[in-house]
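Novice: here is the input, now give the coordinates:
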Amino acid sequence: MRTNTFTAFSVVTKSSGIRLLPWLYTIDMKKFLTLLLLTSWVVSGLAKDGGFLFVTFNSEGSQLGEQIYFGLSQDGIKWQALNGQKPVLVSDIGEKGVRDPYLLRAENGRFYLLATDLSIYLNHNWTRAVQAGSHSIVIWESTNLVNWSEPRLVSVAPADAGCTWAPEAIYDTATKQYLVYWASTTKRDDFKKQRIWGTWTKDFKTFGEPFIYIEKPTTIIDTDIVHAENGKYFRFTKDEKFKAITMEQSESVTGQWADVPGFSLAQVRGYEGPACYLLNPAQDGKPAKWCLLLDNYAQHAGYKPFLTDDLASGKFVAGTDFEFPFRFRHGSVLPVSSAEYERLKTHFGASEKPASQK
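Specialist: Numbering: from 1, shown residues only. This next block holds a predicted model:
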């Protein structure tokens, strides 16, 4: 059998894209073609060739409102409700309600959905929620986005924590672990303010000791981190004192973070729950386009989109023509492949025409 020397590629995934690392080796033609096909499948599966999945919750108006809802979109702009606008996942553990879901595609191909263990419908007291709430997050797992494990509670917060809100996770290429982070108050300072805490995990089953990941002079919650195409990390956080969103940048997950100068949304008030995602990758000489969704909680208006074709600049403009089938609350967006998009649509069903929510 004939052999040749080829330049092949290994695929290294990031939270917002992929990069290819070249390496040389000798392989027979049949094996090379097989490898090429597999590589093409992996690339297309992680690129935005199918659409987007939105995970969210609905409202505090009923027990089912604080559960996990799915939305589906081909372009990341016009969204359809899945499962007849009913919850896809329901938590009957912990506080029997979940909010602020975050969906991660892990390096092993599995999906992990993290959520706040909290029901305001069942426990109306926000002071209790801040000072005597759950120390745990709720986690679901899946291999295909349609079949999910039972929910499980994982205690991650420090022993004197008053709450454990809005968990998210990002893969750190330096440590080859996932940084899971959330907002907590603590009894040690009489629950004076929220900080962003973190812990490390490799498998979302065993977690390290919690540590303070972000501390500011004021209360901060709702941190969202993305890894951009230029290799930099960007994170968005709500400053509770000013009811505004901040934007920072860093070369690494655990590196030094600095404010993005000229962030155009710094003076916008009454927003929380930032969810940033790559709307269109750079191609054919056109820059990448990013969408930053902010929950306009002050006016009970749900998510509002802001767009940029230069994420590093921090310059955003209000998006138009976005449509949501209902009031999406604090959640996250995951790019999906064509196969995943069709699987979700077939399994859960999607409305043909999304209702506009301006």
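Novice: just checking, residue 338 touches residue 49?
Specialist: Yes - contact criterion Cβ atoms under 8 Å: residue 338 and residue 49 qualify, at 5.5 Å. All C-beta atoms are positioned from the backbone trio N, CA, C, and that covers glycine.
Novice: so what strands line up beside the helix or strand harbouring residue 213?
Specialist: Per DSSP states H and E: residue 213 is located in strand 211-214. Paired neighbours of strand 211-214 in the sheet (DSSP bridges): strand 195-201 (antiparallel).
Novice: centre of the chain versus the partner strand, how much separation?
Specialist: 15 Å (Cα atoms, centre = their mean, to the nearest Å).
Novice: next one: stretch 261-279
Specialist: 15 Å.
Novice: what pLDDT, on average, does stretch 164-172 get?
Specialist: When pLDDT is averaged along stretch 164-172, the result is 98.
Novice: flag every buried residue along that stretch.
Specialist: By 16 or more other Cβ atoms under 10 Å, the buried positions in stretch 164-172 come out as 164, 165, 166, 167, 168, 169, 170, 171, 172.
Novice: just the closest of these to residue 290, please.
Specialist: Nearest to residue 290 among the buried residues of stretch 164-172, counting by Cβ to Cβ, is residue 170 at 16.1 Å.
Novice: partners of that closest one in the sheet?
Specialist: With DSSP bridges as the rule, residue 170 is bridged to residue 179.
Novice: same question, residue 196
Specialist: Going by DSSP bridges, residue 196 forms beta bridges with residue 183, residue 214.
Novice: residue 69 now?
Specialist: With DSSP bridges as the rule, residue 69 is bridged to residue 56.
Novice: and it, what does it touch?
Specialist: The contact partners of residue 69, taken as Cβ atoms under 8 Å, 6 or more residues apart in numbering, are 55, 56, 57, 58, 81, 82, 83, 85, 86, 87, 88, 326.
Novice: in JSON lines, list those along with secondary structure.
Specialist: Listed next are the contacts of residue 69 as JSON lines, based on DSSP: H, G, I helix; E, B strand; the rest coil:
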{"residue": "55", "secondary structure": "strand"}
{"residue": "56", "secondary structure": "strand"}
{"residue": "57", "secondary structure": "coil"}
{"residue": "58", "secondary structure": "coil"}
{"residue": "81", "secondary structure": "strand"}
{"residue": "82", "secondary structure": "strand"}
{"residue": "83", "secondary structure": "helix"}
{"residue": "85", "secondary structure": "helix"}
{"residue": "86", "secondary structure": "coil"}
{"residue": "87", "secondary structure": "coil"}
{"residue": "88", "secondary structure": "coil"}
{"residue": "326", "secondary structure": "coil"}
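Novice: can I get the buried part of these as one ChimeraX selection?
Specialist: Provided next is the ChimeraX selection string for whichever of the contacts of residue 69 are buried by 16+ other Cβ under 10 Å:
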select :55,56,57,58,81,82,83,87,88,326
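Novice: please report how far residue 82 lies from residue 304.
Specialist: Applying Cβ to Cβ, to the nearest Å, the value for residue 82 to residue 304 is 22 Å.
Novice: which sections of this structure are below the confidence cut-off?
Specialist: Regions of the chain meeting the criterion pLDDT under 70 cover residues 1-48, 352-358.
Novice: ranges for the helices of it?
Specialist: All helices of the chain, identified by DSSP state H, fall at 29-46, 126-131, 338-348.
Novice: export the last one to CSV, keeping only CA atoms.
Specialist: As requested, C-alpha coordinates have been extracted for helix 338-348 and formatted as CSV (Å, rounded to 0.1, in the frame of the first residue of the first chain):
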residue,chain,number,x,y,z
SER,A,338,-26.7,21.3,11.5
ALA,A,339,-27.2,17.8,12.8
GLU,A,340,-27.7,19.1,16.4
TYR,A,341,-30.1,21.8,15.2
GLU,A,342,-32.3,19.2,13.3
ARG,A,343,-32.2,16.8,16.2
LEU,A,344,-33.4,19.5,18.6
LYS,A,345,-36.1,20.7,16.3
THR,A,346,-37.3,17.2,15.6
HIS,A,347,-37.3,16.0,19.2
PHE,A,348,-38.8,19.1,20.9
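Novice: gap between the two ends of stretch 326-336?
Specialist: Length of stretch 326-336, first residue to last, Cα to Cα, to the nearest Å: 21 Å.
Novice: check stretch 132-150 too.
Specialist: One end of stretch 132-150 sits 25 Å from the other (Cα to Cα).
Novice: brilliant, that's me finished.
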